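Q: fold the following, please.
(chains A and B)
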Number of protein chains: 2
Amino acid sequence: MADQKTCPPLTSDSVRAAYPLISPYIHRTPVLRSKTLDRMASTAQEESALKGTAFEGQKPAAPVFRLHFKCENFQKIGAFKARGAFHAMLRLCSELGIDEVRKRGVTTHSSGNHAQALALAAFTLNIPAHIVMPSISTKSKIAGTRAYNARVIFSGSTEPERVAVVQEVIKATGAILVPPYDHPDIILGQGTVGLELEAQVRDMAEGSAEECSPKQGSSLDAVITPLGGGGLLAGTAVYFSDKPCTSVFGSEPSFEGGDDGRRGLAAGSRIPEVSTLTIADGLRTPVGEVNWTVISDQKKVRGIFSVTEEQIKEAMKLILERLKLFIEPSAAVPLAVILFDEDFRKLAEKEGKEKGWDVGVVLSGGNTSVEAISRLYGTK
Amino acid sequence: MADQKTCPPLTSDSVRAAYPLISPYIHRTPVLRSKTLDRMASTAQEESALKGTAFEGQKPAAPVFRLHFKCENFQKIGAFKARGAFHAMLRLCSELGIDEVRKRGVTTHSSGNHAQALALAAFTLNIPAHIVMPSISTKSKIAGTRAYNARVIFSGSTEPERVAVVQEVIKATGAILVPPYDHPDIILGQGTVGLELEAQVRDMAEGSAEECSPKQGSSLDAVITPLGGGGLLAGTAVYFSDKPCTSVFGSEPSFEGGDDGRRGLAAGSRIPEVSTLTIADGLRTPVGEVNWTVISDQKKVRGIFSVTEEQIKEAMKLILERLKLFIEPSAAVPLAVILFDEDFRKLAEKEGKEKGWDVGVVLSGGNTSVEAISRLYGTK
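A: Take a look at the predicted model:
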């Protein structure tokens, strides 16, 4: 990975500089609206729905939302991770020279979207890739990674086992490690999701939306993304850091302590280990160190909210059945917050008033299967 | 319904005339591509995959396909049916005067997409709608129809029982019947799917595709749609009837005689009754009479192909997991033909040669549920 000392600073300008580098290689994914989901999100919850939750007994909030769904499920390899992987690889090539990178190759350990993203970027740039995957990974993920000519090396499934195999690969080949989220180049690449989203919503509004000021130039009141390792949330927050009209929020699963970001903010320090089997399988990781420097900065990330497994399932069902978009559970977490978290809803009601909020909702990826959906929703 | 004697003729010009009428009310749905699906469709099947089929022992064809998916799952009410319903209603209003139509109201019987399409069109134009639905219809479909202020009247589930209730409604209210497919106004409305698809593919090609001749002006070699009652297939065929470069094909489920269109062509006459419980539940109806006059015209529809339930499931899985689009089983039938029907594939190989075929694939709708998907793909 490029030396962190030589990395561009974590600023909105650096995201803007990343964009032309990666845009030849990625899709400018569409932004979709849904009147039905706007109406549902803008309807107060039943008081009875709050029973047994932390909000029991409160008067349900009645915010007004206009939701703008950024469809990264249509991104290459089916998830936003392609952005960070291409940016990291291109920065590496500009720093070390492409010949050096081709000679040494790149490596990472991942059983998910980052494996395929790195394999695609390496394949596109004609660089060897050595991907360490747990031997219990699903066949389709292994096949998907191999389809980009990557060498797949198997490991045990615990973190130390995987890291040990990556170390062996590096020793044997000289390959350069490209981590999935904990690096400025990854964060800046993922931040281009925010850049595109903001431009697309502005284009659609075409002057009809009031702008905070021409210079600040965002017609979004809020953006909410899933939070796992923190590449996407930190990148988005960095992009909007010079646009004070737009608040950036993170969203997590609460199951088995998956809300490490929220808990970390409450405790005042990053929580370095997480062990959860939440259905939002892309969000099972702790927040990375570099990511934490952004996410814990209240001027950049205004808050993190967490939701239950049932709420994630309900939001996912709506995105599948109403928006007609195929997404993975992790991608449904932001909508679950919008629909069900009364703290978030009260904030939007208070600040948005009658006019309401325009909210960018990042659908982070679509890499799941009909079998997995059957396990989630099938009756036994 | 507008008197058939006063209807516009079933010509490409009539589809073009229908388009500006309905376009304020419908979505211009996107056309999507997928390199992965192009590659899969352009790979010969394994000989072993043909075992036990009508193609056993044949050399698998090796056609080249570029697929252009027309996403009517994103259409209003989640299916192309909104087009025909709006066109039929607007024509009715221009013929009888909107006051007369508002006084009498409209009616139909349907448990599926047509019920919601007619309810939406009536609601939009402020016309009362009386929708007869079998009392066993799913709650979500009843709720969806009522959401557009339609009056829902329940009936038994057989055709004679439904028709009897519709007759009672007409007698009691004077409501005008709007059938789901067997009428020129419906056919011409659905034909606008073809019009948009052709224009969108031409725009994307921007001169790079060879045109047959400037006048004929289509860069599609073929278009394939699902075939149930025949509104979509007949409308599409009518639109392309003055573009001899583009062949139009229909696709059906073969399960329990669901391939009534194909069998009708073979027998030389329309098959008026069908009784199948194919998973492609939008395609369980026989071809309508007016629809048959178009579909049985070889100059308009070049062929009809049928596929098995397993092939439909496999194609649907690919559209969900690879295209990341949420569709109903009926919408997967055309891709199943492209992937698995050796007669279709041989034709494309022979005529497309090395250059291959650009094929428009109509994804007709997305009205299914996660529970239905679980029943299709869940392991017991």
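
Q: in the stretch 101-250 of chain A, what residue lies closest to chain B?
A: residue A:140 (8.5 Å; Cβ to the nearest Cβ). C-beta: built from backbone N, CA, C; applies to glycine.

Q: okay, now that residue: neighbour count?
A: 12 (other Cβ atoms under 10 Å in any protein chain shown).

Q: one more: residue A:51?
A: Residue A:51, neighbours per other Cβ under 10 Å, totals 10.

Q: could I get the full set of strands for the stretch 51-200 of chain A?
A: Applying DSSP state E, counting those that start in this stretch to the stretch 51-200 of chain A gives strands spanning A:65-71, A:106-109, A:129-134, A:151-155, A:176-177.

Q: so where's chain A uncertain?
A: Scanning chain A for pLDDT under 70 picks out A:206-218, A:380.

Q: close to chain B: what parts of it are there?
A: Within reach of chain B by Cβ under 8 Å from any Cβ of the partner chain, chain A has these residues: A:30, A:73-74, A:78, A:316-317, A:320-321, A:323-327, A:366, A:368-371, A:373-379.

Q: which among these count as buried?
A: Using 16 or more other Cβ atoms under 10 Å in any protein chain shown as the burial test, these include A:73-74, A:78, A:316-317, A:320-321, A:323-327, A:366, A:368-371, A:373-374, A:376-378 as buried.

Q: rewinding a little: please name the nearest non-neighbouring residue to the residue of the stretch 101-250 of chain A closest to chain B.
A: Leaving aside its chain neighbours, residue A:140 sits nearest to residue A:369 (7.1 Å; criterion: Cβ to Cβ, 6 or more residues apart in numbering or on different chains).

Q: same question for residue A:10.
A: The nearest residue in space to residue A:10 (Cβ to Cβ, 6+ apart) is residue A:238, at 4.9 Å.

Q: what's the answer for residue A:265, then?
A: Using Cβ to Cβ, 6+ apart, the closest residue to residue A:265 is residue A:304 (6.0 Å).

Q: export the one helix or strand the one you found maps to as PDB, just CAs?
A: Using DSSP states H and E, residue A:304 sits within strand A:303-307. The C-alpha coordinates for strand A:303-307 follow below in PDB (Å, rounded to 0.1, in the frame of the first residue of the first chain):
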ATOM      1  CA  GLY A 303     -24.100  10.600  14.600                       C
ATOM      2  CA  ILE A 304     -24.200   6.800  14.400                       C
ATOM      3  CA  PHE A 305     -27.500   4.900  14.800                       C
ATOM      4  CA  SER A 306     -28.100   1.200  15.200                       C
ATOM      5  CA  VAL A 307     -31.000  -1.100  14.300                       C
END
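
Q: what helices or strands is the helix or strand that it is followed by leaning on?
A: Toward the C-terminus, strand A:303-307 is succeeded by helix A:309-321 as the next helix or strand (DSSP H and E). The contact analysis (3 or more Cβ pairs under 8 Å, 6 or more residues apart in numbering or on different chains; DSSP states H and E) places helix A:309-321 against helix A:333-340, helix A:370-377, helix B:370-377.

Q: give the buried residues for the helix or strand following the first one.
A: By that I understand helix A:333-340. The helix or strand immediately downstream of helix A:333-340 is helix A:342-352, counting by DSSP H and E. Across helix A:342-352, burial judged by 16+ other Cβ under 10 Å covers A:342, A:344-349, A:352.

Q: and which of those residues is nearest to chain B?
A: Once Cβ to the nearest Cβ is applied, the member of those that ends up nearest chain B is residue A:345, at 23.0 Å.

Q: so who does the closest one touch?
A: Residue A:345 makes contact with A:45, A:60-61, A:63, A:338, according to Cβ atoms under 8 Å, 6 or more residues apart in numbering or on different chains.

Q: distance to residue A:289 added to the helices and strands packed on helix A:309-321, as JSON lines?
A: Shown next, in JSON lines, are these (distance: least, Cβ to Cβ, whole Å):
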{"stretch": "helix A:333-340", "distance to residue A:289": "22"}
{"stretch": "helix A:370-377", "distance to residue A:289": "31"}
{"stretch": "helix B:370-377", "distance to residue A:289": "38"}
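
Q: quick check: closest non-adjacent residue to residue A:157.
A: That would be residue A:134: by Cβ to Cβ, 6+ apart, it lies 3.8 Å from residue A:157.

Q: return the residues in contact with that neighbour.
A: Contacts of residue A:134 by Cβ under 8 Å, 6+ apart are A:111, A:154-157, A:161-162.

Q: which of those are buried? Put it as a PyMOL command.
A: What follows is the PyMOL syntax selecting those of those that are buried according to 16+ other Cβ under 10 Å:
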select buried, chain A and resi 111+155+162
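
Q: and the contacts of residue A:134, which of them are in helices?
A: Among the contacts of residue A:134, DSSP state H puts A:161-162 in helices.

Q: from residue A:81, how far off is the residue of the stretch 51-200 of chain A found nearest chain B?
A: At 4.5 Å from chain B, residue A:73 is the closest residue in the stretch 51-200 of chain A, using Cβ to the nearest Cβ. Note on residue A:73: its distance to residue A:81, by Cβ to Cβ, to the nearest Å, is 12 Å.

Q: returning to that earlier point: thought the residue nearest to residue A:140 was touching residue B:324?
A: No: applying Cβ atoms under 8 Å as the test, residue A:369 and residue B:324 come out as separate, 11.8 Å apart.
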